[in-house]
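S.K.: Whatever this is, show me its structure:
(2 chains)
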2 protein chains.
Amino acid sequence: MEFLTGVREKKTLDIGQIAQGDYEGRSVKINGSVHNIRDMGEVAFVILRKADGLVQCVYEEGKTDFDRKILKEEAAVEVTGKVALEPRAPHGFEIHIEAVKVLSEPDQVLPLAIHKYKMQASLEARLEMRPVSLRNVRERAKFRIQEGIVRGFRDFLHGQGFTEIHTPKIVARGAEGGSNVFRLDYFNKKAELAQSPQFYKQTMVGVFDRVFEVAPVFRAEKHNTARHLNEYMGLDLEMGYIDGFEDVMAMETGFLQYAMGLLEGEYKRELQMLDVTLPEVGKIPVVRFDRAKELAAEKYGRKIKNPYDLEPEEELLIGRYFKEEYGSDFVFVTHYPSKKRPFYAMDDPADDRFTLSFDLLFRGLEVTTGGQRIHDYREILAKMEKRHMEPEDMEAYLMIFKYGMPPHGGLGIGLERLTMKLLDEQNVREATLFARDVNRLEP
Amino acid sequence: MEFLTGVREKKTLDIGQIAQGDYEGRSVKINGSVHNIRDMGEVAFVILRKADGLVQCVYEEGKTDFDRKILKEEAAVEVTGKVALEPRAPHGFEIHIEAVKVLSEPDQVLPLAIHKYKMQASLEARLEMRPVSLRNVRERAKFRIQEGIVRGFRDFLHGQGFTEIHTPKIVARGAEGGSNVFRLDYFNKKAELAQSPQFYKQTMVGVFDRVFEVAPVFRAEKHNTARHLNEYMGLDLEMGYIDGFEDVMAMETGFLQYAMGLLEGEYKRELQMLDVTLPEVGKIPVVRFDRAKELAAEKYGRKIKNPYDLEPEEELLIGRYFKEEYGSDFVFVTHYPSKKRPFYAMDDPADDRFTLSFDLLFRGLEVTTGGQRIHDYREILAKMEKRHMEPEDMEAYLMIFKYGMPPHGGLGIGLERLTMKLLDEQNVREATLFARDVNRLEP
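M.R.: Okay, here's the model as predicted:
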């Protein structure tokens, strides 16, 4: 009988092993995709693309049986060759080719110059060709940074006593209500795609006190703007035994500090490649919604049109205000009007036209919505009645209040928006692998 | 201006802090939910439920201004009291109540005795009351173990050079095809919910060489069995530059070894609570599909009815065979018939009626499907033609082969099935927070 006993040792090395090891003058094997070939006559530079970077391989005519002319870009190959130190090459070394084994070959030549450091192609063209445009090293670096943000979220919260949960995305009804839902038939029952894990994460506070979830959320919004996606990743947390919604904002501040530290420490190469300057997150200013509107209106001479909502342009101005006045890329805007928040938001006992809630703006864009939730059964019933909602429609959710819930609050972060702003991109589609918008269902 | 500077220090302690610190005889604050009250006349034991366990608080009449008669089960409270060592109490200490602050109160008495160590309720009743039945400490412990499995998956793969990805769940068409798809209207286009991230994870191998995703998958299967869910969590990985599909099985073996080690190290309390014996994963036997069927048929005298598929009963017998003959709870079954595998599976060059693929059985249940994929453009076109599929329908996917893909393979693990078998549960609904099946869309 044959057995498997764990991960197999490979004869091929990766870049880190060669860069950090004692391989100078030694013959090694390395595999990768042929990213680019620069032909200089009798010498050619064959650049391999690997997960952890690019490797310069040098082909010299006559030094190997292999004819480099048969090598194609985007072929997958295994190169055998001698390591030589070369300060001008990526990672400080190059490989003098002794032999090449072709593992697979493309059928056609790429229609997009993905090997260029900065790809010359419109966003539209890059999205259309996404399966291959992502092979560009700067393009893919964005998603390594995105990975770092998500790792930071989980690792930080795990350290803070949160438990990770997985809640259903096919639901009987959405938490936010309204018309922005995708509907589907679920075995002859009406169902929707979850607009957020709101009800479930609150439910799980009754079980684990503190929970988080990283999962897709679905919004059938018809806006086709540079900041909207119809499917995006939500970084959600919910925490019990809070003294107020400030505890939730403090937790987010802690996460941002942790995540920026993780990026600084483990994603330096990608940050440099994309010229990213990490924001300061040592202290984040907090301002009331109505005061924020006034400050922006006063300083930039813009009239307040709608006292109950922030328009995108106002968000930009508030972001600008706190950058100019306090040097901060972030600002917590608190006490949103009750009218603009869902029924489960806790109203401010001092003035129930406002809620104990917040948004976090990052460089003028809302990247988080959060707040304290109602935890008292009678109170949530009363709020639903005021909004003409039917308690019978959400019995399972109301059960948690009926049988007792601690004071709690939470937040949801839009991963793509946070990534976009961190990378200083102008369109949220730059920060998602395969965008879903009103016009885009493929790739 | 007010600022937030990070996570706020709290005056309340958690169980770990008290159990490990030097708190004997000192007055502390601790919050939690009133899990149970045992009234002994002048003394009462108030058991608090916290994320990290239960805490015994002792109420003695006359020692505090507070009247314990107003305390209700499932109220959220903050207890102030003196720590005393007590070997019979959970975690070896109890708290002598000096004061109690009620943070919130339930409206009604729980209809389910969730404070019982082993809840006396049918699966049906527990699912119906899921939002509160999960508060039972053994019930919730299952999902801490599930968290450990997911952490193990990510941490292990991160260490193996994999990049985490997030791919869309609303897709133009499913990877597995067939009728088991949920359909929805996407802005007047026909769309489906992803049956797996198959096409996208293969696409991302061209970008990052090795990738993984932890995300929901959706299958509109009409089976209503103890092993089927219509929405479940897929642990997916895909890796390039493999020498064969054995590399993929080896990677899964490594993951299982890592995950069991993590559970052993960090989830000991939950394992003990649920009497879980972790399986041996040092070496996992590998057997061909046709040979496995023969072995089970010979030993247990069961006729082979369908040479092209494994029936659930056959899976059980094969599982039993390898447990009895080799002491293994796991077995990799390889070389599934081509007819039963999707078009992208690589056929065995030695005999193209079979594929270079595998399932992993755990205690007689399929918990993983994986294998090597076709990477050559012409080959995948030929396979599609043989199956009367239209290449025009999947241009974005075929693009990756047209422009070059390394040899690669991968797998998908069903998280709930793996959890279920690990916990020795008989129904997969035990291993999912909020089950979605043919009859169940709520809670």
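S.K.: Chain A - how does it break down into domains?
M.R.: According to automatic domain parsing, chain A comprises the domains A:15-104, A:137-431.
S.K.: deepest of those domains, which one?
M.R.: Each of the domains of chain A was assessed for mean neighbour count using mean count of other C-beta atoms under 10 Å in any protein chain shown. The highest is domain A:137-431, with a mean of 19. Yep, even glycine has a C-beta here, placed from its N, CA and C like the rest.
S.K.: Specify the angle between the longest helix that chain A contains and helix B:137-159 in degrees.
M.R.: In terms of residue count, the longest helix belonging to chain A (DSSP state H) is helix A:137-159. Using axes from the mean of the first three to the mean of the last three C-alpha atoms, to 10 degrees, the inter-axis angle of helix A:137-159 relative to helix B:137-159 is 150 degrees.
S.K.: what separates the strand or helix carrying A:M233 from the chain centre, distance-wise?
M.R.: In the assignment (DSSP states H and E), A:M233 maps to strand A:231-240. Relative to its chain's centre, strand A:231-240 lies at 12 Å (C-alpha atoms, centre = their mean, to the nearest Å).
S.K.: is chain B contacted by it?
M.R.: Yes - residues of strand A:231-240 contacting chain B under C-beta under 8 Å from any C-beta of the partner chain: A:E231, A:M233, A:G240.
S.K.: right, and the helix or strand after that strand?
M.R.: helix A:246-266.
S.K.: got a list of contacts for that following helix?
M.R.: A:145, A:148-149, A:151-153, A:155-157, A:160, A:237, A:239, A:242, A:271, A:278-279, A:281-282, A:284, A:286, A:330, A:332, A:334, A:358, A:360, A:368, A:370-372, A:409-411, A:413, B:4-8 (C-beta atoms under 8 Å, 6 or more residues apart in numbering or on different chains).
S.K.: circling back to that earlier point, make a markdown table from the domains of chain A and add mean pLDDT and distance to B:G174 to it.
M.R.: Below are those laid out as a markdown table (pLDDT from 0 to 100; distance: least, C-beta to C-beta, whole Å):
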| stretch | mean pLDDT | distance to B:G174 |
| --- | --- | --- |
| domain A:15-104 | 94 | 26 |
| domain A:137-431 | 96 | 14 |
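S.K.: Tell me the residue of the stretch 101-250 of chain A that sits nearest chain B?
M.R.: A:P106 (3.2 Å; C-beta to the nearest C-beta).
S.K.: Correct me if wrong: that residue contacts A:L71.
M.R.: No - the criterion here is C-beta atoms under 8 Å, and A:P106 misses it with A:L71 at 11.2 Å.
S.K.: Secondary structure element for A:T419, which one?
M.R.: A:T419 belongs to helix A:415-422, assigned by DSSP H and E.
S.K.: ok now do A:L360, which residues does it touch?
M.R.: Contacts of A:L360 by C-beta under 8 Å, 6+ apart are A:249, A:252, A:284, A:330-333, A:366-368, A:370, A:411, A:413.
S.K.: What strand or helix carries it?
M.R.: In the assignment (DSSP H and E), A:L360 maps to strand A:357-362.
S.K.: what angle separates the very next helix or strand once past that strand from helix A:415-422?
M.R.: Using DSSP H and E, the helix or strand that follows strand A:357-362 in sequence is strand A:365-373. Direction vectors for strand A:365-373 and helix A:415-422, defined by the same axes, to 10 degrees, enclose an angle of 130 degrees.
S.K.: what's strand A:365-373 packed up against?
M.R.: helix A:246-266, helix A:312-326, strand A:357-362, strand A:408-414, helix A:415-422 (3 or more C-beta pairs under 8 Å, 6 or more residues apart in numbering or on different chains; DSSP states H and E).
S.K.: Switch the ones you listed over to JSON lines; also include distance to A:N31.
M.R.: Output for these, formatted as JSON lines (distance: least, C-beta to C-beta, whole Å):
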{"stretch": "helix A:246-266", "distance to A:N31": "24"}
{"stretch": "helix A:312-326", "distance to A:N31": "46"}
{"stretch": "strand A:357-362", "distance to A:N31": "39"}
{"stretch": "strand A:408-414", "distance to A:N31": "37"}
{"stretch": "helix A:415-422", "distance to A:N31": "30"}
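S.K.: How about the residues of the stretch 251-400 of chain A by chain B?
M.R.: Counting by C-beta under 8 Å from any C-beta, the stretch 251-400 of chain A sits next to chain B at A:251, A:253-254, A:257, A:282-287, A:326, A:332, A:375-378, A:396-397, A:399-400.
S.K.: mind redoing it with 7 Å?
M.R.: Contact residues (C-beta under 7 Å from any C-beta of the partner chain) of the stretch 251-400 of chain A with chain B: A:251, A:253-254, A:257, A:282-286, A:326, A:332, A:375-378, A:396, A:399-400.
S.K.: From these, which land in helices?
M.R.: Counting by DSSP H, these place A:M251, A:T253, A:G254, A:Q257, A:Y326, A:Y377, A:R378, A:A396, A:M399, A:I400 in helices.
S.K.: Would you mind confirming that the last one is in contact with A:V205?
M.R.: Pointing back at A:I400 there. No - between A:I400 and A:V205 there is no contact under C-beta atoms under 7 Å: 8.2 Å.
S.K.: relative to helix A:246-266, how tilted is the strand holding A:L360?
M.R.: With the same axes, to 10 degrees applied, the angle from strand A:357-362 to helix A:246-266 works out at 20 degrees.
S.K.: residues touching the closest residue to A:K29 other than its chain neighbours, list them.
M.R.: The shortest distance from A:K29 to any non-neighbouring residue, by C-beta to C-beta, 6 or more residues apart in numbering or on different chains, is to A:T12 (4.7 Å). By C-beta atoms under 7 Å, 6 or more residues apart in numbering or on different chains, the residues touching A:T12 are A:K29, A:I30, A:N31, A:E78.
S.K.: now, which of those sits nearest chain B?
M.R.: A:N31 (4.8 Å).
S.K.: Beyond the helix or strand hosting the closest one, next helix or strand please.
M.R.: Using DSSP H and E, A:N31 maps to strand A:27-39. Per DSSP H and E, strand A:27-39 leads on to strand A:43-50 as the next helix or strand towards the C-terminus.
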